[in-house]
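Trainee: Model the structure of this input:
(2 chains)
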Amino acid sequence: MADKLHFSLVSPARELFSGDVDHVIAPGSDGEFGVLVNHAPFMTTLKNGVVRVEDNGETTMRLFVRGGFADVTPAGLTILAEEAVNLDSVSVESVQKEYDEAHRALLAEGKDANPALEEQVSYLEDLKAALVN
Amino acid sequence: MSGLKELKNRIGSVKSTQKITKAKQMVAAAKLRRAQEAAEASKPYASRMANVVANLTASMGDGSGGPKLLAGSGSDKVHLLVVMTAERGLCGGFNSNTAKAARLKIEELKADGKEVKIITVGKKGREVLKHAYADLFIDHVDLSEAKDKYTPFAIGLGHDLTARFENGEFDVATLVFSEFKNVLTQTPVAKQLIPAEAPDDAETIDLGGAIYAYEPSEPEILEALLPRYLNTQILSAMLENAAGEQAASMTAMDNATRNAGELIDGLTLKYNRARQAQITKELIEIISGAEAL
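Mentor: Got it, this is the predicted structure:
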């Protein structure tokens, strides 16, 4: 099984995944892209979206990343995510609740008042959408 | 009689001090474990980030023409020192070591004829440096409300530094903090933040002659990457500092507990001697009194 892609996904808080897989699909800021083993060196920024990991023909893991970078080198693929969650470990309800709270706070402060909060809301919105699918 | 009572009181007071230092030591040990885990969990991200920056800068040549955060402002007249210490004392030489390293750096820069500005992070370093360099202070970051959540503070400081740099307030920014080597050793180090420098130990990956493809363009990636690299460096320094503070505190409190123990042993011995001497004296008085009759 030498022909596997070494993939690791790290966020500032911790390393979420590190191991050998067949195929990784990531949300590049210019479009979704897939990485197989022996990919040419490549680097891109990421947008909010789902990283899918495929191994032996099936999707083994789905992770939601909040922006970041993907770096493909001969050594493998590294994703540096601002924040990442495993979609299997969060529930729709808890995200919905967080989203409602953030949304309410944003409405209370008025639009454009707090860019960070606005970003948080759009992140939670994307995360929610990814969970439902 | 008064000598005995005094000794007894002293033993009592040293014992209660020992209780306090012992409790502080155990608290520090518990906090240390958490802080150390946090510092270690953030390491993969920081080192990968450093590798990516190293790769990018290596493929860019000397970095000139790149973003200012990487290329610098073209001058090195004004130096900004970010001195990172703890919010609390009772941790041995932790804070004063960092402050000393900062002072050496400041003097060195001043001797070279540079202008120095200081941003302090954490109360204790500010207190120490205030005596000599209060006029150089331009800002202070209070971490007392952080409670193990350093990310917003790191991002805030990163934004602040970038904004100041773009306003031309300084040319070179250096971070002085305590590197957490292990529980027993924390060494103060100075690390250049702006212009960004990839660490020497970052692995540069041999691409085998292939050319990196960038999406979107290389400058855009660097533009997005460098501020994050800055934040990451600040965050990992904060986490290392937090772990170092607890480790230093634990060691200092352990020493204090042991010293108190030694003091108690010495005092108890003295107390017992005095007590026996008193009894002997009383006996002699009774016996000689009886003999006289």
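
Trainee: So what's the model's average confidence on the top helix by length along chain B?
Mentor: Scanning chain B for the helix with the most residues, using DSSP state H, yields helix B:218-292. Taken as a whole, helix B:218-292 has an average pLDDT of 92.

Trainee: what about that helix, near chain A?
Mentor: Yes: for helix B:218-292, a contact with chain A is found by Cβ under 8 Å from any Cβ of the partner chain, at B:220-221, B:224-225, B:228, B:232, B:235. Glycine gets a C-beta too; all of them are placed from N, C-alpha and C.

Trainee: What residue spans form the domains of chain A?
Mentor: A:5-87, A:90-132 (automatic domain parsing).

Trainee: Can I get these in CSV including distance to residue B:101, mean pLDDT and mean neighbour count?
Mentor: Shown next, in CSV, are those (distance: least, Cβ to Cβ, whole Å; pLDDT from 0 to 100; neighbours: other Cβ atoms under 10 Å in any protein chain shown):
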stretch, distance to residue B:101, mean pLDDT, mean neighbour count
domain A:5-87, 26, 89, 19
domain A:90-132, 34, 80, 14
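
Trainee: Let's have those domains in TSV, adding distance to chain B.
Mentor: Listed next are these as TSV, based on distance: least, Cβ to the nearest Cβ, whole Å:
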stretch	distance to chain B
domain A:5-87	4
domain A:90-132	9
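
Trainee: Take those domains and write them to JSON lines, including distance to residue B:103.
Mentor: Compiled in JSON lines, these are given as follows (distance: least, Cβ to Cβ, whole Å):
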{"stretch": "domain A:5-87", "distance to residue B:103": "31"}
{"stretch": "domain A:90-132", "distance to residue B:103": "36"}
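
Trainee: between those, which one is nearest to residue B:112?
Mentor: Minimum separation from residue B:112 across these (Cβ to Cβ) falls at domain A:5-87, 35.1 Å.

Trainee: to the chain's geometric centre, what's the distance from that closest one?
Mentor: The chain centre lies 8 Å from the centre of domain A:5-87; the measure is Cα atoms, centre = their mean, to the nearest Å.

Trainee: quick revisit: report the buried members of the residues of helix B:218-292 next to chain A.
Mentor: Buried members of these, scored by 16 or more other Cβ atoms under 10 Å in any protein chain shown, are B:221, B:224-225, B:228, B:232, B:235.

Trainee: which bits of the stretch 1-150 of chain B sit near chain A?
Mentor: Contact residues (Cβ under 8 Å from any Cβ) of the stretch 1-150 of chain B with chain A: B:41-42, B:44-46, B:48-49, B:51-52, B:55-56.

Trainee: Now which of the residues you listed would you call buried?
Mentor: Using 16+ other Cβ under 10 Å, the buried members of the residues of the stretch 1-150 of chain B next to chain A are B:41-42, B:44-46, B:48-49, B:51-52, B:55-56.
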